[in-house]
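S.K.: my questions are about this predicted structure, shown below with the sequence.
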Amino acid sequence: MGLTGTFKSMPAADLLQWLSLSRKSGTLVIENLPHKITFSLKDGGVLWSSSDGPNSFMGEFLVREGFIKKSDLASALQLQASTGISTGKALVALGALGAQTLSDAMRLKAQAEIHQTLSSPGATFEFLDEGIVSKELVPLDANVVTLLLNVMRQIDEETRGSSWLDEGDDIVC
């Protein structure tokens, strides 16, 4: 059974936690943002995330965040065009990026997309549990609650203007 609604009626954080803790599999589509965001879930974990915003494509994200150079992306896109493999797989095949680094970057991108959903209370969502959309991508397999907690910490730090605990501070119990 699918589920539709708005983040006014069911906040994004609650929806993501419910999908994770219920070990749901399917596709979550979030709209009425600047760009549509899609998460593919398997047993409550994120397999992949995507956005249709031109600056949100994986290759552009990797360049913007300093993981690769524009020339690496250009080479990967050429390989992708000739073979049909994903940008991430092309970058790994070309040696521009290691598999673990790609996985770390994919987690950061998923967190950025979760951050965007939490900042958009008027967005609508649809969860389709009819099956997992299969793409020839490098699977992420990230825990939704862990991603969500990282985003919530980031939002809290942004709100405070800095981290509540500076590096090197001791915690006394």
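M.R.: Cool, the structure landed.
S.K.: so how far does stretch 29-45 reach from one end to the other?
M.R.: 15 Å (C-alpha to C-alpha, to the nearest Å).
S.K.: how close does residue 11 sit to residue 48?
M.R.: Going from residue 11 to residue 48 by C-beta to C-beta, to the nearest Å gives 23 Å. Any C-beta I mention is one placed from the backbone N, CA and C, and that applies to glycine too.
S.K.: got the residue ranges for the strands in this structure?
M.R.: Per DSSP state E, the chain has strands spanning 3-6, 26-31, 37-42, 45-51, 124-128, 142-143. These are given in chain order.
S.K.: what about the helices in the chain?
M.R.: 12-21, 58-64, 70-83, 87-93, 99-118, 144-160 (DSSP state H).
S.K.: who are the packing partners of the last one?
M.R.: If you count contacts as 3 or more C-beta pairs under 8 Å, 6 or more residues apart in numbering; DSSP states H and E, helix 144-160 packs onto helix 12-21, strand 45-51, helix 99-118.
S.K.: residues contacting it, please?
M.R.: 13, 16-17, 19-21, 41, 44-46, 107, 110-111, 114-115, 118, 163-164 (C-beta atoms under 8 Å, 6 or more residues apart in numbering).
S.K.: re earlier: can you add mean neighbour count, mean pLDDT and distance to residue 127 and give the helices of the chain back as TSV?
M.R.: Below are the helices of the chain laid out as TSV (neighbours: other C-beta atoms under 10 Å; pLDDT from 0 to 100; distance: least, C-beta to C-beta, whole Å):
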stretch	mean neighbour count	mean pLDDT	distance to residue 127
helix 12-21	18	92	7
helix 58-64	19	91	23
helix 70-83	15	94	29
helix 87-93	22	91	25
helix 99-118	19	88	13
helix 144-160	15	81	12
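S.K.: nearest to residue 33, out of those helices?
M.R.: helix 99-118 (6.1 Å; C-beta to C-beta).
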